[in-house]
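# let me see the structure of the following:
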Amino acid sequence: MPTYEYLCEKCGLFDFFQSIKDDPLKVCPTCKGRKIKRQISSGAGIIFKGSGFYETDYRSDSYQKAAKADSSAQSAANAASTSDSKSTSKSDSKVSKKDGSPAA
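Predicted structure coming up:
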């Protein structure tokens, strides 16, 4: 849930957690005053904690080796299927007559 900033004329500035779907507060939760306005704020932003920015940046060595092997195996399979389809299409294009004789 987002944190909204409100300004009460009696209490001052305070933060309040509420759902996006909720209407803005009309009464201060501290002093019960009715002169309250939701402020435009920059929000919390992104907080990076820990040793990396992404969860996958600092995986274990065994995970990285397995991922590298998997990606290279998939690259080889893609290359093999591409070369097979090219050779098949070339041999098919050379035969153009119904009797099977080569095209001129």
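# next, count neighbours for Ala66.
12 (other CB atoms under 10 Å). Using the backbone N, CA and C atoms, a C-beta is placed for each residue, glycine as well.
# helix or strand: which one has it?
helix 61-94 (DSSP states H and E).
# look up how far Leu13 lies from Ile20.
Between Ile20 and Leu13 the distance is 21 Å, computed by CB to CB, to the nearest Å.
# give me the more crowded residue out of the two.
Shown here are Ile20 and Leu13; by other CB under 10 Å, Leu13 has more neighbours (10 against 7).
# who's the closest residue in space to that one that isn't next to it in sequence bridged to?
Leaving aside its sequence neighbours, Leu13 sits nearest to Leu7 (CB to CB, 6 or more residues apart in numbering; 5.4 Å). Leu7 has these beta-bridge partners by DSSP bridges: Leu13, Lys37.
# helix, strand or coil for Ile20?
Put simply, Ile20 is coil when judged by DSSP: H, G, I helix; E, B strand; the rest coil.
# touching, it and Tyr4? I think so.
No: using CB atoms under 8 Å, Ile20 is not in contact with Tyr4, being 9.6 Å away.
# roughly how far does Cys11 sit from Cys31?
According to CB to CB, Cys11 and Cys31 sit 5 Å apart.
# Lys37 now?
14 Å.
# go on, Phe14?
Distance from Phe14 to Cys31, by CB to CB: 10 Å.
# how about Lys26, phi and psi?
phi -120, psi -10 (degrees, to the nearest 10).
# that one touches Lys35, doesn't it?
No: using CB under 8 Å as the test, Lys26 is too far from Lys35 to be in contact (9.9 Å).
# the more surrounded of these two?
Lys35 (12 against 8).
# okay but that one is in contact with Leu7, surely?
No: assessed by CB under 8 Å, Lys35 is found out of contact with Leu7, at 9.0 Å.
# and Cys11, how far is that from Val27?
As for Cys11, its distance to Val27 is 12 Å (criterion: CB to CB).
# cool, thanks, talk later.
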